[in-house]
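*Asks:* Whatever this is, show me its structure:
(one chain, ligands or ions: 1)
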Amino acid sequence: LNRRLTEFGTTIFAEMSALANRTGSINLGQGFPDTDGPESVREAAVRALRDGRGNQYPPGSGVPELREAIADHQRRFHGIGLDPDTEVLVTTGATEAIATALLALVEPGDEVIALEPYYDSYAACIALAGGRRVPVTLRPRDGAYHLDLDELRDAVTPRTRLILLNTPHNPTGTVLTRGELTAIAELAIERDLLVITDEVYEHLVFEGDHIPLASLPGMRERTVTISSAGKTFSFTGWKIGWVTSTPELVTAVRSAKQFLTYVSGGPFQYAVAEALRLPDSYFRELRDDLRAKRDLLSAGLAEAGFTVYRPAGTYFVTTDIRPLGESDGFAFCRSLPERCQVVAIPNAVFYDHRAEGAPFVRFAFCKRTDVLDEAVARLKRLT
Ligand code: GLN
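*Replies:* Below you'll find the model as predicted:
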């Protein structure tokens, strides 16, 4: 294994899902729903397979039906107009979008600012691109995580190439406000930076609104927006994601993407095109359902003795385990299956400054209500 990758080991999601399977625990670790997405969308995938749509290499940018649906979705929900032929690129999930955007835009030695705690693929992909990650830490205060805009400003140097943003934010559930995004936009413009913004949880916002960075004045031309069907339609296994940006930046990202996978998920692309055209009620019901589950798990965890940072978005809730007399999230998560048959994720893996993340543990609530109830009952028995 080359030196760029040795520090990363096995992703925590694989480790913790294997632990859950081995011990028969309730898996509130890796974020995936335990109920599949809409039947009409599954039927659309079957139809595409059966009718021979997408069974051979689709176009490198994605099938036209999906690119048009992505552009229409961005207009419907965010008021952003896109040319489906030049400003949209279909990828193998948001994961490939992140990787290819970084590979395409980062020169070896460039600094990339990322909000810490960060989704684990960010660090590995910055390293693969030869970049240097510069974490800016979100800190818990008054029941939520906050970005310190002065720290962000101070992190920019002449070597900074781009900011890698994520809102709604995994794992903290923070949804950046218009004020924060405006400050980030002003900084990017002033220092001539690009921003890659990972908005895979765009529809999972329970408090306030999701504001796409690309919708702010002056940001269209310097923002690469990433999203995916995994979270919005509960098909994390399909791995259909997308990049939207200017023709120039989309071309750059495609230059890297064409040599990684070229294309993927042919029949699923047609199905996701239909999913993106579901009525507003679908998106509202998804959000309301998850809001209720957030409230249920947050209340249960608080009763079990955790300090709970109730998320404004995503399907994760971050907790502090110190009130339970624990301080090491890694040790806690490794012992949890044996103690009460529940699996969670130690937030420390999402930090460069591991000590900052040590006492925090993330639970996923994209699960059936009876499963969440049972998990809470088990966690209350923790001693
Ligand atoms: N994004 C999901 C999470 O944070 C997991 C994705 C993965 O397994 N790579 O839990």
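*Asks:* going forward, measure contacts between C-alpha atoms and count neighbours the same way
*Replies:* Noted.
*Asks:* Which residues of the stretch 1-150 of the chain lie near the ligand?
*Replies:* Neighbours of the ligand within the stretch 1-150 of the chain, by CA under 6 Å from any ligand atom: 13, 30-31.
*Asks:* Buried ones from those residues, can you make that a ChimeraX selection?
*Replies:* Filtering those down to the buried ones (16 or more other CA atoms under 10 Å) takes a single ChimeraX command:
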select :30,31
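*Asks:* Would you map out the domains in this structure?
*Replies:* 6-37+281-380, 39-275 (automatic domain parsing).
*Asks:* Export these as a markdown table, with columns for mean pLDDT.
*Replies:* Converted to a markdown table, the domains of the chain look like this (pLDDT from 0 to 100):
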| stretch | mean pLDDT |
| --- | --- |
| domain 6-37+281-380 | 97 |
| domain 39-275 | 98 |
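*Asks:* From the contact counts, what lies against the lengthiest helix in the chain?
*Replies:* Longest helix of the chain, by residue count under DSSP state H: helix 280-303. Contacts defined by 3 or more CA pairs under 8 Å, 6 or more residues apart in numbering; DSSP states H and E place helix 280-303 against strand 307-309, strand 316-320, helix 369-380.
*Asks:* now, of these, which is deepest in the fold?
*Replies:* strand 316-320 (a mean of 25; mean count of other CA atoms under 10 Å).
*Asks:* Mind jotting down where the strands sit in the stretch 1-150 of the chain?
*Replies:* 26-27, 88-92, 111-116, 132-137, 139-141, 144-146 (DSSP state E, counting those that start in this stretch).
*Asks:* How far off centre is the second one?
*Replies:* Taking CA atoms, centre = their mean, to the nearest Å, one finds strand 88-92 lying 16 Å from the centre of the chain it belongs to.
*Asks:* Stretch 341-350: end-to-end distance?
*Replies:* When the termini of stretch 341-350 are compared using CA to CA, to the nearest Å, they are 23 Å apart.
*Asks:* Over to stretch 255-273?
*Replies:* Rule used - CA to CA; the end-to-end distance of stretch 255-273 is 24 Å.
*Asks:* who touches that stretch?
*Replies:* Stretch 255-273 has contacts (CA atoms under 8 Å, 6 or more residues apart in numbering) with 41-46, 48-49, 53-63, 65-70, 91-92, 96, 100-101, 103-104, 229, 238-240.
*Asks:* Can you list the buried residues in the longest helix of the chain?
*Replies:* Quick answer for helix 280-303 (16+ other CA under 10 Å): 282, 286-287, 290-291, 293-294, 296-298, 300-301.
*Asks:* How about stretch 232-243?
*Replies:* Applying 16+ other CA under 10 Å to stretch 232-243 flags 232-236, 238-243 as buried.
*Asks:* what's the closest of the residues you listed to the ligand?
*Replies:* residue 236 (8.2 Å; CA to the nearest ligand atom).
*Asks:* Spatially nearest residue to the closest one (excluding sequence neighbours)?
*Replies:* residue 230 (3.9 Å; CA to CA, 6 or more residues apart in numbering).
*Asks:* Name the residue closest to the centre of this protein, please.
*Replies:* Nearest to the geometric centre of the chain sits residue 200, at 5.0 Å (CA atoms, centre = their mean).
*Asks:* quick one: contacts for it?
*Replies:* 94, 168, 226-232.
*Asks:* Ok, residue 164 next?
*Replies:* Contacts of residue 164 by CA under 8 Å, 6+ apart are 112-115, 195-198.
*Asks:* And it, its phi and psi?
*Replies:* phi -110, psi 110 (degrees, to the nearest 10).
*Asks:* roughly how far apart are it and residue 98?
*Replies:* From residue 164 to residue 98 the distance is 9 Å (CA to CA).
*Asks:* Same check on residue 177?
*Replies:* 23 Å.
*Asks:* What of residue 139?
*Replies:* 24 Å.
*Asks:* How about residue 34?
*Replies:* In terms of CA to CA, residue 34 sits 25 Å off from residue 98.
*Asks:* Pick out whichever of these two has more residues nearby.
*Replies:* residue 98 (28 against 13; other CA atoms under 10 Å).
*Asks:* Now whichever residue of the stretch 251-383 of the chain sits closest to the ligand: phi and psi?
*Replies:* Closest residue of the stretch 251-383 of the chain to the ligand, CA to the nearest ligand atom: residue 364 (7.5 Å). Main-chain dihedrals, residue 364, degrees, to the nearest 10: phi -90, psi 140.
*Asks:* So it is in contact with residue 34, correct?
*Replies:* No. Here residue 364 lies out of contact with residue 34, judged by CA atoms under 8 Å, at a distance of 10.8 Å.
*Asks:* Mind pulling the model confidence for residue 383?
*Replies:* Predicted confidence (pLDDT) for residue 383: 69.
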